[in-house]
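A.B. asks: Below are the sequence and a predicted model; questions follow.
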Amino acid sequence: MILLSDRRISAIPLHDNGEALVDVRQVAELRVDERLADAAGAYAHLREATVQRLLDAQRTLPGGLRLLIIEGYRPLSLQTTYFDSYKDELRRRYPEWDPARRHVEASKYISPPEVAPHSTGGTVDLTLCTADGLELDLGTIVNASPVDSANACFTGSPDISPQARTNRGILGRALSSAGMVNYPTEWWHWSFGDRYWALSSGVARTRYGPVDLP
């Protein structure tokens, strides 16, 4: 398992093709949840090609199922705050861990700011829901931490129900077929165009770099 703290990720050269951010709330086919809504609406923005891949993925889902988008773009300043806060939490819970281990363990849940997939606008946290918006069981809540879920948030975790395993398979097949890449410690985290996608896809450089919301 390659983590976002791995030096192979940060070594991928950054490139940005200048593609625009799209407000997914304006895309009628996609459903956006508001649990992480911010005043600027940053959470609901994604790059154009990422949005197209989500549409492509949704069209392959079994009848009656839809993608439910939780969070897309995340400003780099907020990413830094999240990462530092989680490292502080790990320091309190596991004072015996040295700084290097805290950094690695934190990266299983929050990306280090120096790679920050969400800050490219190419990465999305999402789940499955019915046509009426009822969320399916995927084993844990979205954004469950490895510590609190006993690693059940890992995409391949064996410690979830058969139905949750089936639902993760449905989500994974749809998004993979559309060219997106999963971060294996978070079943809900899928990306396109960022450094993790580049390494996983054998691409020499990123399609997107960190971007500011207009």
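C.D. replies: Yep, that arrived.
A.B. asks: from here on, contacts and neighbour counts on C-alpha atoms
C.D. replies: OK.
A.B. asks: give me phi/psi at residue 48?
C.D. replies: Here is the backbone geometry of residue 48 (degrees, to the nearest 10): phi -50, psi -50.
A.B. asks: And it, what's its pLDDT?
C.D. replies: Listed pLDDT for residue 48 reads 98.
A.B. asks: Contacts for the lengthiest helix in the chain, please.
C.D. replies: In the chain, with assignment by DSSP state H, the single longest helix is helix 76-93. Helix 76-93 is contacted from outside by 97, 102-103, 106-107, 110-113, 116, 118-119, 210, using Cα atoms under 8 Å, 6 or more residues apart in numbering.
A.B. asks: same deal with stretch 153-169?
C.D. replies: By Cα under 8 Å, 6+ apart, the residues outside stretch 153-169 that reach it are 128, 136-140, 144-146, 151-152, 183-187.
A.B. asks: If any of the residues you listed are buried, put those into a PyMOL selection.
C.D. replies: A single PyMOL command selects the buried members of those (16 or more other Cα atoms under 10 Å):
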select buried, resi 128+137+138+139+140+144+145+146+151+152+183+184+185+186+187
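A.B. asks: Name the nearest of the contacts of stretch 153-169 relative to residue 8.
C.D. replies: Taking Cα to Cα as the measure, residue 183 is the one of these closest to residue 8, at 14.6 Å.
A.B. asks: For that closest one, which residues are in contact?
C.D. replies: Contacts for residue 183 (Cα under 8 Å, 6+ apart) come out as 3, 155, 189-191, 196.
A.B. asks: Near residue 202, how many other residues are there?
C.D. replies: For residue 202, the neighbour count with other Cα atoms under 10 Å is 9.
A.B. asks: Use 667 as the first number from now on
C.D. replies: Got it, first residue is 667 now, which makes that one residue 868.
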